[in-house]
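Peer 1: Mind looking at a prediction? Sequence and model below.
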Amino acid sequence: LKQPVKVLVTGAAGQIGYAIVPMIARGLMLGLDQPVVLHMLDIPRMADALNGVRMELVDAALPLLRGVVSTTDEAEAFQGVNFAVLIGGWPRKEGMERKDLIAKNVAIYKSQAAALQQHAAPNCKVLVVANPANTNALVLKEFAPAVPARNITCLTRLDHNRALGQIAEKLGVHVGDVRNAVVWGNHSSTQFPDASHATARTEHGERPVRELVADDKWLSEEFVVTVQQRGAAVMKARKQSSSLSAASAACDHMRDWILGTPKGTWVSMGVYSDGSYGVPDGIFYSFPVTCEKGEWSIVQGEFLLFCQVDSNGSTTFS
Ligand code: NAI
């Protein structure tokens, strides 16, 4: 077994937090041979609930779990962490304007940026899940200038996995046989799920999804809207937002980033734009990426696309 690494989960007393901590402690994020020390942060009002999660982790008798720090103090939470999954944030309440939500979260992410820069291990890798994820990631980057921008990412893997799931259902194939969909843009209804380069393994070999579906309208309309609206559909059915799928996607994101993407496979990650595909640089944006040795790179040359992002974050391709 390797030396233990420290993994921070913020918002650990929340829905996604509750789903993700056992996944991390079972090796689903960093590997079955990687012991972990979990650092869990939440706000003081949630201290009892957070302690309850800590008690359950003890009760689960997880062999890879080498320690738990549960705290409401940011400095303690970020101390020495190698990986940080930032799920904690201000939830959008009914009647709340987007700008108010952003203002609340800017304050939180500004303060966590300082803690990250001051207390985390060098080269700490960060995944922002809390919404608005792209904006929170940007705030973190701006206020933690000593942290390399490539170490800060945000989650669009849930949307990517939803796209794979929809294609698998449509074709009646196993989801593990579908790959190379892309989610462009933001984690929100303005994202653009793109199956133009997706493939599926069939008994006749690996074939483009475009050919197998043979229904352009489904791919360009129903598929796109279903993936964009999936969060709302789950919310309507469950009366709560997606948590197990979000937690699972966050594990997939980190695992592929750290341990590498399979050969010939790309995944979607929100990363700091370098201007690829005409996306403005200096924003966090979801691209197709491959990962090797703990570094992501944007897939180049596969897409003959040029995209434009308007002031609302909407993407159009030409
Ligand atoms: P939740 O409300 O159940 O949990 C959020 C937790 O964060 C709460 O326990 C809260 O006390 C805590 N928190 C608030 N401020 C904090 C701070 N300053 N420091 C540490 N913890 C803090 O929400 P849920 O369902 O777990 O979702 C969490 C976030 O993830 C939301 O912002 C949600 O919109 C976002 N999300 C993002 C997805 C993505 O694909 N990017 C998918 C699903 C959810």
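Peer 2: That came in fine, so what should we check first? In this text the structure is predicted, and so the values were computed from the model without any measurement.

Peer 1: Kindly report the residues of the protein close to the ligand.
Peer 2: 10-11, 13-17, 41-43, 46, 87-91, 108, 129-131, 133, 155, 158, 187, 241-243, 246 (C-beta under 6 Å from any ligand atom). C-beta here means a position set from N, CA and C on the backbone, and glycine is covered the same way.

Peer 1: out of the residues you listed, which are buried?
Peer 2: 10-11, 13-17, 41-42, 46, 87-90, 108, 129-131, 133, 155, 158, 187, 242-243, 246 (16 or more other C-beta atoms under 10 Å).

Peer 1: Just the mean pLDDT for stretch 202-218, thanks.
Peer 2: Across stretch 202-218, pLDDT averages out at 92.

Peer 1: Residues in contact with it: which ones?
Peer 2: 167, 170-171, 173, 177-178, 181, 195-200, 219 (C-beta atoms under 8 Å, 6 or more residues apart in numbering).

Peer 1: so, if you compare those residues, which one comes nearest to the ligand?
Peer 2: A181 (15.2 Å; C-beta to the nearest ligand atom).

Peer 1: Correct me if wrong: that closest one contacts F192.
Peer 2: No. Between A181 and F192 there is no contact under C-beta atoms under 8 Å: 11.1 Å.

Peer 1: just checking, which of the buried ones among the residues of the chain next to the ligand belong to strands?
Peer 2: Using DSSP state E, the subset of those located in strands is 10, 41.

Peer 1: Could you pull up the contacting residues of the one residue in the stretch 201-318 of the chain that gets nearest to the ligand?
Peer 2: The nearest approach of the stretch 201-318 of the chain to the ligand comes at A246, 3.8 Å away (C-beta to the nearest ligand atom). Neighbour list for A246: 16, 19, 129, 155, 158 [criterion: C-beta under 8 Å, 6+ apart].

Peer 1: could you redo the last one with a cut-off of 7 Å?
Peer 2: Counting by C-beta atoms under 7 Å, 6 or more residues apart in numbering, A246 touches 16, 129, 158.

Peer 1: tell me which of those residues is nearest to A114?
Peer 2: V129 (19.7 Å; C-beta to C-beta).
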